[in-house]
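>>> need coordinates for the below:
(2 chains)
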Amino acid sequence: MKETEEPTSLNGLEEKPDDPSKAGFSSDSSSADNQYLKLRKLLLGDDYSSALNRYISKEEDAERVSKVLPEAVKQSAQENSSLGEALAPVVDKAIANSIVENPNRITNIIFPIMGPAIRKAVAYALSEMVQSLNTLLEQSLTFRSLNWRIRAWRSGMPYAQYVLLQTIQFRVEQVLLVHRETGLLLHSVSASAVQTQDPELVSSMLTAITDFVNDSFSSAEDTLERIRFGHLEIHLMVGPQAILAVAVRGTIPDELTEKANATIETIHARYRSQLSLFEGDREPFESTHPILSECLISKKVIEKSKRKPWLAIIVLLMGFSFLVKQQFERYQYGLLCEEIEQSIRQEPGYVVIAINKDKDSLALEVLRSPISRSADSVRLGLVKDKVALTIKDTVVHFGPLPTVAGVPEIREIEKLQALIDKLQRTTFYFDSDSVALSETELEKIPGFIDDLRQLQTLYAELALSELQIMIMGFADKSGTTIGNMSVSQQRAETISAILTKNDVSSDIIVAWGIGHIDHSYISKKTQRRVTVQVLPKLTSNNRIGLDQGGLLWEK
Amino acid sequence: MGKVIAKKVCMVGPFAVGKTSLVNRFVKSIFSDKYLTTIGVKISKKQIDVNDDKIQLMIWDIEGVDVFTELKPSFLRGASGVLLVLDGTRLKSLDVAIELQRVLSQQLPGVPIIGLLNKSDLTYEWKLGDSELRELEKLGITTIMTSAKTGSNVEAAFDSLVNAMGLGPEGV
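Model prediction:
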């Protein structure tokens, strides 16, 4: 087709100038000037004058260019950026001139843009400040903050700076690239070892939430920028065709916001056509992986150098050794107590009936026999500094317990004693070489026998053992020893005979001649005498009498 | 190797017609008698295989509408297909559906709409007759009788939507 069209168009071009030239040729034919003019007319045709005008003035040029300029600029911009580069200085200059010439105009133009922009910036800065103030307040009353204050002071750093250093801690957990129109996920990356929800559902939900918020507050221009959920904050960078959602745990630093903004801009620049042509196929967006991964940044609090907590170790060690020492001491004390207890148990005549072991004292209750060592001496023999030893002792008699019919009353015992004294004080005196009692001495007999009978009755009443009376005869110095022995024996027997004669049983009477034993200063009359001694017959029954009477049979 | 193609589809309809139940039946194969009204939107995901490709349906289950609440157009944005759910036992739901169709054709021009006449298990209470169905057909809505309770036609409904979206086995 093309080949056939071209010749026809060529013919057309040749024919067109032919017709007017023929017409011109016929009107002027006289002078050479005319001929020259004719030739020019022949060559250039009717357009001659306009071509000349075109050459001289540039009006038509401008008109022509103005028609093609917008198209040309558009075409050039599509092909490369050289036009933009070339125009940039001119436009700069133009704008500068325009502002210099009429500053009011530019103010009027940018005012509606600047107002909201400034308000937005101020609001953002304020919210940031409130947030950081909150964090600061939260941290100003804790133990950690005190610790930080001290550390900041020691390192010569302002507290605020130190807190910043300690608290800037965050981790980007997930980055989602969402198609704005459909809410479909284009691509997502997540930090390693982070549990994330199904990113496809999350991206749809995020779009739904954004739409919901926009609908609820009916603000078409503004978009939801962040969603905070506990410590997780989702930042939404909304571009015209895609949304970048960055899920961050912790406090979000400015650098991350900047990074995310740059990322969404880059994605828009690189994937403009893919974004507008998106039909559900995610494959073209796989290549956004490296760009999105760059947003997966995290910053941890600088790990404290792992110093050994010496102070804590020392305190623990001290506590531990104190415990060990105490346990050891208690063990030793236990051993000591046992030792003391054993030696008391082995002490002859001691029976331990109760032991009271305390933290630092040992109290024993013992029964001991009368013949055993006293508790004090035992204690002194044993006592160690560490044990406060007390022994409470009770003296008891061991063996079968006596059965007692009755216990004599004190008064009767006194009466008994008085009778015995009276009898023992009775002395019978004899004349020299005589073994018979004189008339005056015989008068003592009835009273004596009377007393003796009373004593016998009392003995029977008190159920004491049988009474015995020892009658002892004495002689003076004159005469031989054998003679004296004989005389004294006879004198005792005289009294014994008198007693027997007066119905005193001879069984209880012991008559015994002693001879001469007195000193020379005693008068001879006194030396010739007979005395009486009342003897108790010792039996077990009497022993009880002794203990309970306390004085009766002491020796 | 086939591609994975993600598509946004919307469930719209009057309230209490069984949109959420249909989604639950389709996605999780469960049915509950309990009625829980959806507030806002609930999004579920279901992948279906068509030929070699995998179609990932992001199902936006949008809250039911009635005379007091309007369909939020922002939830519809970017949808590739719509399931307009009706209650076959409630004649009134037809009026709401017609109104909805008008909104849909404005918001989503050219996007296929499949009408689901749900609760087909309740045969004795069925109210929608042929004349009503013809009315819907006039609006360009193909209808399918479904039951979220028995599961009848639920998969088929989603399949036909995918077909209508030009992604079905015949479309490729």
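>>> state the distance from the residue in chain B positioned nearest to chain A to residue A:61.
Closest to chain A within chain B is residue B:78: 3.1 Å, counting by CB to the nearest CB. Any C-beta I mention is one placed from the backbone N, CA and C, and that applies to glycine too. Here the criterion is CB to CB, to the nearest Å. By it, residue B:78 lies 49 Å from residue A:61.
>>> compare those two (neighbour count), which wins?
residue B:78 (21 against 11; other CB atoms under 10 Å in any protein chain shown).
>>> what's around the closest residue to that one other than its chain neighbours, how many residues?
Spatially, and ignoring its direct neighbours in sequence, residue B:78 is nearest to residue A:182 (3.1 Å; CB to CB, 6 or more residues apart in numbering or on different chains). Using other CB under 10 Å, the number of residues around residue A:182 comes to 23.
>>> any idea how many residues pack against residue A:319?
When neighbours are counted by other CB under 10 Å, residue A:319 comes out with 10.
>>> hmm, I was thinking of residue B:167
Residue B:167: 23 neighbours (other CB under 10 Å).
>>> and the strands in chain B, which stretches?
B:4-12, B:41-50, B:53-62, B:81-87, B:113-118, B:142-145 (DSSP state E).
>>> show me what the first one is packed against.
In terms of contacts (3 or more CB pairs under 8 Å, 6 or more residues apart in numbering or on different chains; DSSP states H and E), strand B:4-12 is packed against helix B:19-28, strand B:53-62, helix B:73-76, strand B:81-87.
>>> now do the third one: everything it contacts.
What that stands for is helix B:73-76. A:208, A:211-212, A:214-215, B:10, B:12, B:41, B:60, B:62, B:82, B:103-104, B:107-108 (CB atoms under 8 Å, 6 or more residues apart in numbering or on different chains).
>>> tell me the one among those nearest to residue B:118.
residue B:12 (12.6 Å; CB to CB).
>>> would you confirm that the closest one contacts residue B:85?
Yes - if you go by CB atoms under 8 Å, residue B:12 and residue B:85 touch, sitting 7.1 Å apart.
>>> and stretch A:178-192, how far out from the chain's middle?
47 Å (CA atoms, centre = their mean, to the nearest Å).
>>> same question for stretch A:72-80.
75 Å.
>>> name the residues of it that are buried.
Buried residues in stretch A:72-80, defined by neighbour count with 16 or more other CB atoms under 10 Å in any protein chain shown: none.
>>> one more: stretch B:86-102?
B:86-90, B:93-94, B:96-98, B:100-101.
>>> rewinding a little: worst mean pLDDT among the helices and strands packed on strand B:4-12?
For the helices and strands packed on strand B:4-12, mean pLDDT drops lowest on helix B:73-76, to a mean of 86.
>>> kindly export that one (C-alpha atoms) in CSV.
Output in CSV follows, covering the C-alpha atoms of helix B:73-76 (Å, rounded to 0.1, in the frame of the first residue of the first chain):
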residue,chain,number,x,y,z
PRO,B,73,-18.6,2.2,49.4
SER,B,74,-15.1,2.2,50.6
PHE,B,75,-15.3,-1.5,51.5
LEU,B,76,-16.2,-2.3,47.9
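>>> quick one: buried residues of it?
Quick answer for helix B:73-76 (16+ other CB under 10 Å): B:74-76.
>>> report the contact partners of the residue of chain B closest to chain A.
A:179, A:181-184, B:8.
>>> got a markdown table for those, with distance to residue B:49, secondary structure and pLDDT too?
Listed next are the contacts of residue B:78 as a markdown table, based on distance: CB to CB, whole Å; DSSP: H, G, I helix; E, B strand; the rest coil; pLDDT from 0 to 100:
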| residue | distance to residue B:49 | secondary structure | pLDDT |
| --- | --- | --- | --- |
| A:179 | 23 | strand | 90 |
| A:181 | 26 | coil | 85 |
| A:182 | 21 | coil | 87 |
| A:183 | 23 | coil | 88 |
| A:184 | 19 | coil | 90 |
| B:8 | 19 | strand | 93 |
